[in-house]
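Chemist: Whatever this is, show me its structure:
(chains A and B)
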Amino acid sequence: MVAVMGPSGSGKSTLLYQVSGMDQADAGEVWLDDQEIVGLSEDDRARLRLHQMGFVFQQMNMLSHLNILDNILLPSVHADRSRAFRAEQTEKAIRMMRQFGIDGLAERRITDVSGGQLQRACICRSMMLSPRILFADEPTGALNQAASEEVLQAFLGINLEGTTILLVTHDSRVAASCKRILYLLDGELKGELRLGRYAAGERSERERRTLAWLDEMGW
Amino acid sequence: METRLVWNDWKENRLVTVATICLMAVSAALMGLSVLLSATLLTSIDRLMETAETPDFLQMHSGGLDHEELVRFAANRPDVAQMQMAGFLNLENGKLSLGPQTLADNTQDNGLCVQNKAFDFLLDLEGNVIRVSPGEIYVPVCYRSEYDVSVGEALRVGAEDLTIAGFLRDSQMNSMMASSKRFLVHERDYARLKALGKEEYLIEFRLHDGADINAFATAYADAGLPSNGPTITRPLIRLINALSDGMMTLVILLVSVVILGISILCIRTILLTSLEKDRREIGMMKAIGISRTDIRNLYFSKFLILSVLGAVLGEVGALLASVPLCEQMKELYGLPEHTAGIWLLSVVGILAVEAMILLSVRRTLRLTERLTVVDALRGTEGPGKGKNRYLFIMVIAAAAAGLMLVPQNVASTLASPHFVSYMGIGSSQIRIDIRQAEHIDEVCGAVLAELEDDPSVEGFVAMETRSYRVALDDGREYSLLIETGDHGTYPVRYNEGSWPDEEGEIALSLLNASELGLGIGDAVTVRMGHNGLEDGVRCRVCGIYSDITNGGKTAKACSLPSGDAGAPMWCVVYATLQEADDVAEWVDRYQAHVRDYDAGVRVTDISNYVDAIYGQTIRHIRNAAVLAVGVSCLVLATVVLLFVRLTVWQERTSCSLLKALGFVSTEIRLTYLKQLFPYVLGGTAAGVCLGLGPGQHLAGLLLGSLGAAGFQFVIDPVRVFLVIPVITVVVAMLAAWVSLAEINRIRASECCAGQE
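Modeler: Sure, this is the predicted structure:
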């Protein structure tokens, strides 16, 4: 789990868009395992994002005309239209909703749930096709402290199960939970902090170290 | 899931959904209706002409004729399949009474005939060839509703009563635009009543399939065969049959094309707004890897389903509207042969409309491809944003005003007394026809003397028509009906040049000019005898005018020696009175006077004449005009309702901010109305200008089919400059006010809460 930090305009989101193939890079290389993605066509990059990547955004982008469960199932429906897969994915979605504590919200409209619940639903959606890597852009930026904590716990759980997470954040508490923190300034990597794998008991120590390092970076 | 997505989208955007269906349905209904009406009209006419075995070539002739000569001519022509001579006993209208009503005011040439033996049959309403018994009479079907007569009643001819046994369809003379009407009687009655009128002949030919009718007409004229009357060909009969109802169909077609254009524009804008509103969602779908095609198909499927609904509603609307509009056609021409085929054709028309709309949707959806994920997520401006929506409303207001205006103007132009001058009839108040008198020139002289002595008559001129042989410089010869007299007092409308006002000048009707290939300045020789060109009079073509009288083939000259042409075939006197209000009364009085004096004189109030010929067409076009007003108002209201609502959606945060600052909803709504008003007003003004400018040209194309080439609108200023603009502005502003009610639902806190 890697956090990217830096002041506004430093290029954090741009980096995320480039490495996830949402934007076409003008120069350089992006590799996902042994596949170079910069040269891929837009449709190929879309397929790659659908099957191998997951996304969580600051603003909980969901389709307003679908309920929570349908929104979670959206990528699955587009990946494989067979009934069997659909049934299997619906089961998985319900299981994941239970896992993230939103199992009673399946039929709710997206406007009828809290920000934290919605963001957890977005995490469920991003995990439906078991991505190799999850990208998150300010996932707690619009949430209160309690909701942020819920989302953070969800990320930690996913990471623990083996999914790589690259997240852009302004929240030092979220960053302190990551294994590595990258600090960007004006589009360049200014520093890197290696905190190691997260363990529940080290939380306050990790946060202290992170704040001290960020201070050093000029945060 | 897609179904749920589409369904929820509709539920939440009811107004947009209803407006989209409405636009699709109205476009489809109008196109379906145009197809239904035109196909019904054309197939009914064709079926009638086929069953009745309408002649391919018809020469009307009054005077003596040599039957043997005609038979010889027909026998020597390989293209002639059949030939017959049919009698037509032209009666003075005062001698005919349907029930208690006399036909004295009727402007048609009414007469008796017997059933033909070989072809040109008169049919009953079931399409069977009528077998009439002695003492019975069949009445043209167009008089059934006009005189409210029914089977079993008596029709008086002179002093004799005949029983109406039924109504007939006459493939040649069904339309009110055909100037004669045939009543069918038994041969015995015909022979007995012969003394009451003047017998004319219809010399009729059926040609073999593929024969050239024009070549035959030339051969007939070259053979010097009887031609003392108009020549009519099968295409002309078909055209005259089609015109009165066809005009309405053309107006509806015109309206449907404009409405389709408006609908495509509106739906495109609806889609652009929807894409704009959903920009973030589209970006999200792209980001999580949903392909461009899937996203496009998602939006397309919404419109596809709506278009199916629109098509179904449109077809139902077209079928419902066609019932009253087809009634007249079915009465005149009978049921069409392939009703299922016609219905299918209308479905094809409707599907074509929906396909055009969907094609535009598909093209617009390409814009989603230009929107990159990053732009969408970052909130960079997407497609369709930043355009002035009010400009669009201005365009729609202009189109609606123009659409209301053009059919109104066509109707008021046709109804105007001046319109006859486009038709080859002098623009006077009164027309006196002297046709069946024994000595036309003497009767004409007597009528002129009476007019001279009548103090209420302001002015008059007499025109005499004779049939002349005319030779062209390349050696071709034609028979031409030439009207001589003073053409400058009550002139007809000249498309080119002017009337003949000195000897050696001739003006030609449009049809004659194009058939003879002559233009202004060309010369022809009018033969005075059959001895050769040296006896002819050289005439230069000085004017070309539109004409529908006498088969559209006439000519005018100032004066010509009568030569071989002899006594005039008929004489027409045009007159005006000192007081225009007295026309109807003067016409009645003078008609009563000449009835005693000579049977062959008919006095017509020109406005009645116009009503008789175009009344039906004018009524139909007025129907179409009312339809145009209704449809325009509906479309205008829908579009304004929709676009004002879309504007409020887009400016929701600003509205909320204004409320937060202390403005009340009514004040904000009034601000929007004030912004919108100049655009609606400007659009309306532009629509009036469009209707009077390009709309006039467009209507000119329609009226050109009636023979009225180069026409100008006769406008009703109150309607054009007051009623229609007021309707347009009021409908637009009312719809805007209703739509702005959305502002009442915006909360002051929304502007602080952000988008999500």
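Chemist: use CA for all of it now, contacts and neighbours both
Modeler: Will do.
Chemist: which residue ranges form the helices in chain A?
Modeler: A:12-19, A:42-52, A:68-79, A:83-99, A:115-127, A:145-160, A:172-176, A:203-217 (DSSP state H).
Chemist: Give me every residue in chain B lying close to chain A.
Modeler: Along chain B, the residues adjacent to chain A under the rule C-alpha under 8 Å from any C-alpha of the partner chain are B:1, B:4-6, B:8-9, B:280-281, B:284, B:286-292, B:294, B:372-374, B:756.
Chemist: interface residues of chain A facing chain B?
Modeler: Taking C-alpha under 8 Å from any C-alpha as the test, the list of chain A residues beside chain B reads A:17, A:22-23, A:43, A:45-51, A:53-55, A:59, A:61-63, A:65-66, A:70, A:75, A:78, A:126.
Chemist: Those, buried ones only, as a PyMOL selection?
Modeler: The following PyMOL command selects only the buried members of those, with burial defined by 16 or more other C-alpha atoms under 10 Å in any protein chain shown:
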select buried, chain A and resi 17+22+23+45+46+47+48+49+50+51+53+54+55+59+61+62+63+65+66+70+75+126
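Chemist: Tell me, how many residues neighbour residue 205?
Modeler: Looking at chain A here, since you left the chain open. Neighbour count for residue A:205, taken as other C-alpha atoms under 10 Å in any protein chain shown: 10.
Chemist: not quite, I wanted chain B
Modeler: When neighbours are counted by other C-alpha under 10 Å, residue B:205 comes out with 24.
Chemist: pretty sure it contacts residue B:83?
Modeler: Yes. Using C-alpha atoms under 8 Å, residue B:205 is in contact with residue B:83, at 4.5 Å.
Chemist: Need the winner for burial among the helices of chain A.
Modeler: Counting by mean count of other C-alpha atoms under 10 Å in any protein chain shown, helix A:115-127 has the highest mean neighbour count of these, with a mean of 25.
Chemist: re the thing from before, now the residues of chain B next to chain A: which count as buried?
Modeler: Buried residues within those, counting neighbours by 16+ other C-alpha under 10 Å: B:5-6, B:8-9, B:280-281, B:284, B:286-292, B:372-374.
Chemist: Out of those, which sit inside helices?
Modeler: Residues from these lying in helices, with DSSP H as the criterion: B:5, B:6, B:8, B:9, B:280, B:281, B:284, B:286, B:287, B:292, B:373, B:374.
Chemist: who touches residue B:211 in this structure?
Modeler: When contacts are counted by C-alpha atoms under 8 Å, 6 or more residues apart in numbering or on different chains, residue B:211 touches residue B:79.
Chemist: quick one: secondary structure of it?
Modeler: With DSSP: H, G, I helix; E, B strand; the rest coil as the basis, residue B:211 sits in coil.
Chemist: Now residue B:59: which helix or strand?
Modeler: Remark: residue B:59 resides in strand B:57-62, with elements defined by DSSP states H and E.
Chemist: Check which helices and strands that strand is in contact with.
Modeler: If you count contacts as 3 or more C-alpha pairs under 8 Å, 6 or more residues apart in numbering or on different chains; DSSP states H and E, strand B:57-62 packs onto strand B:198-207, strand B:231-233.
Chemist: Next, format these as TSV and append mean pLDDT and distance to residue A:30.
Modeler: Listed next are those as TSV, based on pLDDT from 0 to 100; distance: least, C-alpha to C-alpha, whole Å:
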stretch	mean pLDDT	distance to residue A:30
strand B:198-207	92	83
strand B:231-233	83	81
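Chemist: With residue B:405 as the reference, name the closest of those.
Modeler: When those are compared for distance to residue B:405 using C-alpha to C-alpha, the nearest one is strand B:231-233, at 35.7 Å.
Chemist: tell me the pLDDT at residue 115?
Modeler: No chain was given, so I picked chain A. As summarised for this prediction, residue A:115 has a pLDDT of 83.
Chemist: looking at chain B here, not the other one
Modeler: Confidence at residue B:115, expressed as pLDDT, is 95.
Chemist: what are the bridge partners for the residue nearest the centre of chain A, then?
Modeler: Closest residue to the average C-alpha location of chain A: residue A:136 at 2.8 Å, with C-alpha atoms, centre = their mean. Beta-bridge pairing of residue A:136 under DSSP bridges involves residue A:56, residue A:167.
Chemist: That one contacts residue A:57, doesn't it?
Modeler: Yes. Residue A:136 is in contact with residue A:57 according to C-alpha under 8 Å; the separation is 5.7 Å.
Chemist: hang on, the earlier thing: pull the contacting residues for the residue nearest to the centre of chain A.
Modeler: A:55, A:56, A:57, A:58, A:165, A:166, A:167, A:168.
Chemist: could you measure it against residue A:127, distance?
Modeler: With distances taken as C-alpha to C-alpha, to the nearest Å, residue A:136 is found 12 Å from residue A:127.
Chemist: Run through the chain and note the low-pLDDT ranges.
Modeler: No chain specified, so I'll use chain A. Across chain A, residues meeting the criterion (pLDDT under 70) sit at A:60.
Chemist: hmm, I had chain B in mind actually
Modeler: Those would be B:378-388, B:417, B:436-438, B:529-535, B:548-552, B:562-565, B:596-600, B:702-711, B:751-756, if you go by pLDDT under 70 across chain B.
Chemist: Show me how it divides into domains.
Modeler: By the record's domain assignment, chain B is partitioned as B:1-56+B:228-385, B:80-208, B:388-416+B:615-756, B:437-598 (automatic domain parsing).
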